[in-house]
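Asks: Quick one, what's the 3D model for this:
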Amino acid sequence: MGLFDFFKKNKSVEEHDALEKGLEKTKDSFFAKISKAVVGKSKVDDDVLDDLEEILVTSDVGVSTTLKIVKRIEERVARDKFVNTTELNGILKEEIQALLAENNSTDFEHFDYSAQKPYVIMVVGVNGVGKTTTIGKLAYQLKQAGQQVVIGAADTFRAAAVDQILLWGERVGVRVVSQGMQADPASVAYDTLQSAVANNDDVVIIDTAGRLHNKIGLMNELTKIKKVMQKVVPNAPHEILLVLDASTGQNAIEQCKQFTEATDVNALALTKLDGTAKGGVVIGISDQFKIPVKYIGVGEKITDLQLFNKKYFVDSLFG
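Replies: Numbers count the residues shown, from 1 in each chain. Model prediction:
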């Protein structure tokens, strides 16, 4: 079984319900605006397209991505001559699905990571985005799938960060390697990988400091952590997972810009989708950075971290 097969195995009704509920605020806000834009109009014209552009931007899809979507719809309207406003939702859904399909080319549901052992994930992101919670939930779900997991508590600067990771380790029954607060993060990462190899662990999750200080300092720190890990596992980390808070909208896009310039982020996790009407940011980030969204957080339960499925996401968004 591939490392992440547990996310897709027997995709339950409960998971679908959690996703739909998690996107409820975004969906309600989005469709209320669209309904208002087309009231009293029978066809999609320039006025409707202008309103749609504003709706997408205010839903945190982002300007460049919005212009791309609206242009595609304009082309369809020009080609088909007459497009009824009742068709707008269906057309919009198709174009968003197409956009996500182009940008999320990596299909994590069918990836087999078993050739990499230990599989090393370095988690980055600013404080407050749900980084520690994401690590805990991911560790839990991996363990439930029969994987042997170890966490490295390398966020040694934020007060209580190490304690929080230790609590999550205890809660989910996963070993944590820690040197306490103020320890050298690279040293913690090195010890964690050495321990993982000696213990024959399947997955290593390395937490890192959630500071968005100057880009050069951030780059140097993350590069140092990577270099020391590669002394133990030559091609580590296999995954650099950036955790972003969807509820911050455009701030999440700015954070993504900063971190992708500082290190080789190759996967994204969007948290707190259940608490915001800004779920459109998933579409904008995917399109702007061409980095696959791997996980989404749709609730507070330990099982509410889901492997991102573009089809399920758009289906839930459009009800």
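Asks: so where's the stretch 51-200 of the chain shaky on pLDDT?
Replies: Residue ranges of the stretch 51-200 of the chain with pLDDT under 70: 104-114.
Asks: switch the cut-off to 90
Replies: 55-62, 76-91, 93, 97-116, 127-128, 145, 157-160 (pLDDT under 90).
Asks: the strands in it, which residues?
Replies: For the stretch 51-200 of the chain, the strands defined by DSSP state E, counting those that start in this stretch occupy 119-124, 149-153, 175-177.
Asks: out of these, deepest packed?
Replies: Each of those was scored by mean neighbour count; the highest is strand 149-153, a mean of 27, by mean count of other C-beta atoms under 10 Å. For the C-beta atoms, the positions are set from N, CA and C on the backbone; glycine is no exception.
Asks: List the pairing partners of that strand within its sheet, with orientation.
Replies: strand 175-177 (parallel), strand 203-207 (parallel) (DSSP bridges).
Asks: Same list (these) but as JSON lines, adding distance to F313.
Replies: Shown next, in JSON lines, are those (distance: least, C-beta to C-beta, whole Å):
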{"stretch": "strand 175-177", "distance to F313": "32"}
{"stretch": "strand 203-207", "distance to F313": "24"}
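Asks: So for G130, which of these sits nearest?
Replies: Checking the strands paired with strand 149-153 against G130 by C-beta to C-beta gives strand 203-207 as the closest, at 12.4 Å.
Asks: rewinding a little: any chance of the strands of the stretch 51-200 of the chain in JSON lines with distance to N84 as columns?
Replies: Shown next, in JSON lines, are the strands of the stretch 51-200 of the chain (distance: least, C-beta to C-beta, whole Å):
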{"stretch": "strand 119-124", "distance to N84": "46"}
{"stretch": "strand 149-153", "distance to N84": "52"}
{"stretch": "strand 175-177", "distance to N84": "58"}
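Asks: Indicate which one of the ones you listed is closest to D245.
Replies: Per C-beta to C-beta, nearest to D245 of the strands of the stretch 51-200 of the chain: strand 119-124, 13.4 Å.
Asks: by contact count, what packs against the closest one?
Replies: helix 131-144, strand 203-207, helix 215-230, strand 239-245 (3 or more C-beta pairs under 8 Å, 6 or more residues apart in numbering; DSSP states H and E).
Asks: and the first one, C-alpha only, in CSV?
Replies: Once non-C-alpha atoms are left out, helix 131-144 reads as follows in CSV (Å, rounded to 0.1, in the frame of the first residue of the first chain):
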residue,chain,number,x,y,z
LYS,A,131,1.3,24.2,11.6
THR,A,132,1.6,22.2,14.9
THR,A,133,-2.0,20.9,14.6
THR,A,134,-1.4,19.9,11.0
ILE,A,135,1.7,17.9,12.1
GLY,A,136,-0.3,16.2,14.9
LYS,A,137,-3.2,15.3,12.6
LEU,A,138,-0.9,14.0,9.9
ALA,A,139,1.1,11.9,12.3
TYR,A,140,-2.1,10.4,13.7
GLN,A,141,-3.5,9.5,10.3
LEU,A,142,-0.1,8.0,9.2
LYS,A,143,0.0,5.9,12.3
GLN,A,144,-3.6,4.7,11.8
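Asks: buried set for it?
Replies: 131-143 (16 or more other C-beta atoms under 10 Å).
Asks: Roughly how far does L317 sit from F31?
Replies: 9 Å (C-beta to C-beta, to the nearest Å).
Asks: nope, K81 is what I meant
Replies: 26 Å.
Asks: Between these two, which has more neighbouring residues?
Replies: The residue with more neighbours, out of K81 and F31, is F31; 15 against 7, by other C-beta atoms under 10 Å.
Asks: secondary structure element for the more buried one?
Replies: helix 24-38 (DSSP states H and E).
Asks: Tell me which residues are up against that helix.
Replies: 44, 48, 51-52, 55, 58-59, 85, 88-89, 92, 273-280, 316-319 (C-beta atoms under 8 Å, 6 or more residues apart in numbering).
Asks: Put the buried members of those into a PyMOL selection.
Replies: A single PyMOL command is used to select the members of these judged buried by 16+ other C-beta under 10 Å:
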select buried, resi 44+48+51+52+55+58+59+85+88+89+92+273+274+275+276+277+278+279+280+316+317+318
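Asks: Residue nearest the middle of this structure, spatially speaking?
Replies: A269 (1.9 Å; C-alpha atoms, centre = their mean).
Asks: Using the three-state scheme, assign that one.
Replies: Classification of A269 using DSSP: H, G, I helix; E, B strand; the rest coil returns strand.
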